[in-house]
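Asker: Predicted coordinates and the sequence they were generated for:
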Amino acid sequence: MASIAFEHVEKSYPNGARALVDLSLDVGDGELVVVVGSSGSGKSTLLRVLAGLEPVSAGTILIGGRVVNDLAPQQRNVAMVFQDYALYPHMSVRRNLEFPLRMRGMARDEMRRRVEWAAGLLEIGGLLERRPAQLSGGQQQRAAMGRALVREPTVFLLDEPLSNLDARLRGAVRTEIGALQRRLRTTMIYVTHDQLEAMTLADRVAVLHQGRLQQLAPPRELYERPANTFVAGFVGSPPMNLFPTRLAPDGGGALRLALGEQWVPLSGEGAAYTRAAEAATGGVRPEAVSLAADPSAGSIAARVEHVESLGHETLAHLSVAAPGGRLALVARLPGMRALGAGDAVRVRIDPLRVHLFDAAGRSLGGQPAASSRVSNSE
């Protein structure tokens, strides 16, 4: 296995489009990094330049400490699994798994050993004589992974491997991939648009936006300490509530935060924001918004606009009065709540879970931990 390093990598196309912009990213030996981002963010391009399928325009890529910019794909010992599986339909599963080994001229006994090892690991030993059309979607995905595994690659790349599976099967195969990676300790980069896959699989998550790395951090840190407003609004379902705001002293030595025409007290960690006279954007996760039983100090008036009753929780879509209109606010409430559109309610925002961002969108919540790499640009 091997570590991976992108050092100031750029990828531009003849039409001027920049798919990767000054990308620096490290993946440790045996680490699983999941790359997320919206369509066109550069996720798949990152994999393609790493695999050698496309050249970089600038910068350096290293695998195991070795610069690979000028190496052909077959010299990088990188295996890639695509979302369409790319199995040969006229070949049996066995022949599909054998194919990359035959291309290397591998001895028959060693080829058989590797195929049977991969088939046993992926529990497809009983399917080796079938053709891809005779397999379910999950079985085809396992076969595609097996064909990559038999090569015993240094790096394992997966490009949206579960996107063609239904929701139930995605969950099962996702669990299998995570267990497989932990068992083999394969260095793996996994690209997806699915946040659930990212947050449940990754050792660390890399968030891309318009070719730029926004943040690289463990899932919990990414959720609890977003580096900027893009990460805050992208990670989470529903995402963080973001709203224009400003800070002001509350008269007692602490600070308060403007939410529309009302004020939310800050305390504890919130007091650390005193270095900022003003903040351009405030943020709060939906689970940090709760219903208040009475108009006590610190609660704010809101109106229910829409309710999603999900059984184990209720998502209440609220609005609060603001100059020139109303601000949207989503609250995640436990259980089923008897709320309806138009109801007047009071809510309380946990003052210890308020995020503040400056005019450039950067978090004012202190410096990120050493395990994070953050972009200050969006």
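Answerer: Alright, I've got the coordinates.
Asker: so residue 210 touches residue 45, yeah?
Answerer: No. In this structure residue 210 lies outside contact range of residue 45 using CB atoms under 8 Å: 11.7 Å. For every residue, glycine as well, the C-beta is placed using N, CA and C.
Asker: Who has more neighbours out of those two?
Answerer: Each of residue 210 and residue 45 has its neighbours counted (other CB atoms under 10 Å); residue 45 has more, 23 against 17.
Asker: For the host helix or strand of that one, enumerate the helices and strands it packs against.
Answerer: Using DSSP states H and E, residue 45 falls within helix 43-51. Contacts defined by 3 or more CB pairs under 8 Å, 6 or more residues apart in numbering; DSSP states H and E place helix 43-51 against strand 4-12, strand 18-27, strand 32-36, strand 58-63, strand 78-81, strand 155-159, strand 187-191.
Asker: Mean pLDDT lowest where, among the ones you listed?
Answerer: In terms of average pLDDT, strand 78-81 trails the rest of these, at a mean of 86.
Asker: just how off-centre is that one within its chain?
Answerer: Put simply, strand 78-81 sits 20 Å off its chain's centre (CA atoms, centre = their mean, to the nearest Å).
Asker: next one: stretch 101-113
Answerer: Centroid separation for stretch 101-113 versus its chain: 37 Å, with CA atoms, centre = their mean.
Asker: now stretch 111-121
Answerer: 32 Å.
Asker: buried ones in stretch 159-167?
Answerer: Across stretch 159-167, burial judged by 16 or more other CB atoms under 10 Å covers 159-162, 165.
Asker: quick one: terminal-to-terminal distance for it?
Answerer: 17 Å (CA to CA, to the nearest Å).
Asker: Contacts made by it with the rest, please.
Answerer: With contact meaning CB atoms under 8 Å, 6 or more residues apart in numbering, stretch 159-167 is reached by 43-44, 47, 80-85, 137-138, 141, 144-145, 169-170, 173-174, 177, 190-194, 197.
Asker: same deal with stretch 108-120?
Answerer: 93-94, 97-98, 101-102, 106, 125, 127-128, 146, 149-150, 152.
Asker: List the buried residues for it?
Answerer: Neighbour count says stretch 108-120 has 111, 114-115, 118-119 buried, by 16+ other CB under 10 Å.
Asker: Quickly name whichever of those residues is closest to residue 345.
Answerer: residue 118 (56.2 Å; CB to CB).
Asker: so who does the residue nearest to residue 147 when sequence neighbours are not counted touch?
Answerer: Excluding the flanking residues, the one nearest residue 147 by CB to CB, 6 or more residues apart in numbering is residue 97, at 5.1 Å. Contacts here follow CB under 8 Å, 6+ apart; on that basis residue 97 touches 114-115, 118-119, 128, 143, 146-147, 150.
Asker: Rebuild these as a markdown table, extending it with distance to residue 280.
Answerer: Formatted as a markdown table, the contacts of residue 97 follow (distance: CB to CB, whole Å):
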| residue | distance to residue 280 |
| --- | --- |
| 114 | 56 |
| 115 | 58 |
| 118 | 52 |
| 119 | 56 |
| 128 | 59 |
| 143 | 51 |
| 146 | 51 |
| 147 | 50 |
| 150 | 53 |
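Asker: would you turn those into CSV with pLDDT and distance to residue 286?
Answerer: Shown next, in CSV, are those (pLDDT from 0 to 100; distance: CB to CB, whole Å):
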residue, pLDDT, distance to residue 286
114, 89, 48
115, 91, 48
118, 85, 43
119, 87, 45
128, 93, 48
143, 88, 40
146, 85, 41
147, 85, 42
150, 86, 45
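Asker: which one of those residues is nearest residue 252?
Answerer: Using CB to CB, these come closest to residue 252 at residue 146, 64.8 Å.
Asker: what about that closest one, distance to residue 86?
Answerer: 13 Å (CB to CB, to the nearest Å).
Asker: and if you look at residue 244?
Answerer: In terms of CB to CB, residue 244 sits 47 Å off from residue 86.
Asker: cool, and residue 363?
Answerer: 41 Å.
Asker: low-scoring stretches of the stretch 51-200 of the chain, by residue?
Answerer: For the stretch 51-200 of the chain, applying pLDDT under 70 flags the ranges 85, 165.
Asker: mind listing the helices for it?
Answerer: All helices of the stretch 51-200 of the chain, identified by DSSP state H, counting those that start in this stretch, fall at 93-103, 108-122, 137-149, 167-184, 195-201.
Asker: Comparing the ones you listed, which comes out most buried?
Answerer: For the helices of the stretch 51-200 of the chain, the largest average neighbour count (mean count of other CB atoms under 10 Å) is found in helix 137-149, namely a mean of 23.
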